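Asker: Model the structure of this input:
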Amino acid sequence: MTDFLASVTSVQEAATVLERGADIIDLKNPAQGALGALRGEKVRAIVHFVASRRLVSATIGDLPMQPDVLSEAVVRMAACGVDIVKVGFFGQTGHEECVQALASLASLIKLVAVLFADQAPSPELPGHLAAAGFHGVMLDTANKTQGSLCAWMQPAALRSFVQTSKAAGLRVGLAGALRCSDIPRLCLLEPDYLGFRSALCFDDRRMSAVDPQRVISIKKVLQECNKNLREKTVLLQC
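Answerer: Residues are numbered from 1 along each chain as shown. So this is what the prediction gives:
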């Protein structure tokens, strides 16, 4: 079934999504880009508040594809106590070198690679990530003003990404300016989780505060879709 990842910027927002059913609490600073990183003290405060009641992931920032830069940022973020560290693979060059450099950390830290549909990532990258020991892969969008994930990739391509990545042993997430209305069709692809930020916020602005009612609405739709999938699976097994 598909879990609900909610991206937050503060302890207050973490409390809002935790109390309303988010399965994964993701820490990022949307003012600093697609995967902007929060300051270490803020990350540690949120981790302390969550107190292992949910998985906590955190982004390391919109960083260049330089192995040393990424490795140092991963170590710094992991030291803040998060369960999962998310690493953006921007552009189309330097990816294999960065995967190789992070392989030694992947045995110690749960790493999730974030790929960007609007930057045409290599279809071979999930296989390289799995071989390097990455925990998971996420398909997102880098430019949040140029359309959602569903505008950049057709359902067949998304299904192929999910299935290929799962077959490689990776946990798979989908995100990228998703709306509540996207949930039913994306749940049919059976990703491990769907990620949201702007759809949780007042006025659909990712730098606005999280709206509790929007969190409730997304959780409700996800629960209903998961229920329908479970019932369909049972019928197929009969």
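Asker: C-alpha only now, for contacts and for neighbours.
Answerer: Fine.
Asker: Point out the other helices and strands that the strand or helix carrying Cys225 packs with.
Answerer: Element membership for Cys225, per DSSP states H and E: helix 212-237. Packing partners of helix 212-237 (3 or more C-alpha pairs under 8 Å, 6 or more residues apart in numbering; DSSP states H and E): strand 3-8, helix 11-19, helix 183-187.
Asker: Could you check the angle the longest one makes with strand 3-8?
Answerer: Meaning helix 11-19. Using axes from the mean of the first three to the mean of the last three C-alpha atoms, to 10 degrees, the inter-axis angle of helix 11-19 relative to strand 3-8 is 160 degrees.
Asker: could you say what helices and strands helix 11-19 packs with?
Answerer: Helices and strands touching helix 11-19, by 3+ C-alpha pairs under 8 Å, 6+ apart, are strand 24-27, helix 40-50, helix 212-237.
Asker: I'd like a version of these in CSV, one that adds mean pLDDT as further columns.
Answerer: Converted to CSV, the helices and strands packed on helix 11-19 look like this (pLDDT from 0 to 100):
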stretch, mean pLDDT
strand 24-27, 98
helix 40-50, 98
helix 212-237, 88
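Asker: Can I get those in CSV including distance to Pro123 and mean neighbour count?
Answerer: Compiled in CSV, these are given as follows (distance: least, C-alpha to C-alpha, whole Å; neighbours: other C-alpha atoms under 10 Å):
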stretch, distance to Pro123, mean neighbour count
strand 24-27, 25, 26
helix 40-50, 32, 17
helix 212-237, 27, 15
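Asker: So for Ser10, which of the ones you listed sits nearest?
Answerer: Nearest of these to Ser10, taken as C-alpha to C-alpha: helix 40-50 at 6.7 Å.
Asker: To Gln12, which of the helices and strands packed on helix 11-19 lies closest?
Answerer: helix 40-50 (8.8 Å).
Asker: okay, now Val74: neighbour count?
Answerer: By other C-alpha atoms under 10 Å, 24 other residues sit near Val74.
Asker: which residues does it contact?
Answerer: 60, 85, 87 (C-alpha atoms under 8 Å, 6 or more residues apart in numbering).
Asker: For it, pull up the helix or strand it's in.
Answerer: Here Val74 sits within helix 67-78, counting by DSSP H and E.
Asker: Restricting to C-alpha, output that helix in CSV.
Answerer: Provided in CSV are the C-alpha atoms of helix 67-78 (Å, rounded to 0.1, in the frame of the first residue of the first chain):
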residue,chain,number,x,y,z
PRO,A,67,31.1,13.4,-4.9
ASP,A,68,32.9,15.1,-2.0
VAL,A,69,30.3,17.8,-1.6
LEU,A,70,27.4,15.2,-1.5
SER,A,71,29.3,12.9,0.9
GLU,A,72,30.0,15.6,3.4
ALA,A,73,26.4,16.9,3.3
VAL,A,74,25.0,13.4,3.8
VAL,A,75,27.2,12.8,6.8
ARG,A,76,26.2,16.2,8.3
MET,A,77,22.5,15.5,7.9
ALA,A,78,22.7,11.9,9.2
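Asker: Tell me the helix or strand right after it.
Answerer: Heading C-terminal from helix 67-78 (DSSP H and E), you reach strand 84-88.
Asker: what angle separates the very next helix or strand once past that following strand from strand 84-88?
Answerer: For strand 84-88, the following helix or strand on the C-terminal side (DSSP H and E) is helix 95-106. For helix 95-106 against strand 84-88, the angle by the same axes, to 10 degrees is 170 degrees.
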